[in-house]
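Chemist: Sequence below, structure please.
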Amino acid sequence: MRNPVTLEDYSKEAFIERWPEWFTDVPCGFYLPPGWGPIMWRACLALEKVIPAEGTNKIRVDQVKSKFGGLRFYVTPLFSNDDNDVYDKIHHIISRVEDLSWAVCMRCGTTVGKNDTEGMCPPCREKGWG
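Modeler: Take a look at the predicted model:
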């Protein structure tokens, strides 16, 4: 699978194609605005590096959504690991992508410093997207 190029390339289908065991059945919903696609993709690449290689599925993505203008990304680890370091790394990656979303317009992907509660930069908000 090639990496996405445009914001429209970061569709649910692209995530399913790249990580089928994570994204095929998201029980609580998958809503990822196009502007946040690149940061979510990078987060998944980072998760791939810290999740243990043995076993199948490794994590289940429970929900991806926008809440109060920021990205929310919920997962459940499906592996047993006596070392809390892996869990801490997963939590750190997810927290980081959620924090980054506050500085990126959910519609166009422009870095804006701090989004409003709608998650958009002023030009996108003025266009009436939301």
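Chemist: Test my guess that residue 119 contacts residue 72.
Modeler: No: taking contacts as C-beta atoms under 8 Å, residue 119 lies outside contact range of residue 72: 11.1 Å. The way it works is simple: take the backbone N, C-alpha and C, and place the C-beta from them, glycine included.
Chemist: Could you list the low-pLDDT ranges of this structure?
Modeler: The chain contains residues with pLDDT under 70 at 1-3, 5, 53-57, 81-83, 114-117, 129-130.
Chemist: could you point out which element follows the longest helix along it?
Modeler: Ordering each helix of the chain by length in residues (DSSP state H) puts helix 84-101 first. Using DSSP states H and E, the helix or strand that follows helix 84-101 towards the C-terminus is helix 122-126.
Chemist: Show me which positions of that following helix end up buried.
Modeler: Across helix 122-126, burial judged by 16 or more other C-beta atoms under 10 Å covers 124-125.
Chemist: sec struct for the residue most central in space within the chain, please.
Modeler: When C-alpha atoms, centre = their mean is applied to the chain, the residue found nearest the centroid is residue 40 (3.2 Å). Three-state assignment for residue 40 (DSSP: H, G, I helix; E, B strand; the rest coil): helix.
Chemist: Surely it and residue 64 touch.
Modeler: Yes: at 7.1 Å, residue 40 and residue 64 qualify as touching, with contact defined as C-beta under 8 Å.
Chemist: Please tell me I have it right and residue 52 contacts residue 59.
Modeler: No: because the distance of 10.2 Å does not satisfy C-beta under 8 Å, residue 52 is recorded as not touching residue 59.
Chemist: overlap in contacts of the two?
Modeler: residue 79 (C-beta atoms under 8 Å, 6 or more residues apart in numbering).
Chemist: Could you check which of these two is surrounded by more residues?
Modeler: Neighbours per residue (other C-beta atoms under 10 Å) separate residue 52 from residue 59, with residue 59 holding more: 18 against 12.
Chemist: Who is the nearest residue to the more buried one once chain neighbours are set aside paired with across the strands?
Modeler: In space, and not counting its chain neighbours, residue 59 is closest to residue 75: 4.7 Å by C-beta to C-beta, 6 or more residues apart in numbering. On the basis of DSSP bridges, residue 75 is bridged to residue 61.
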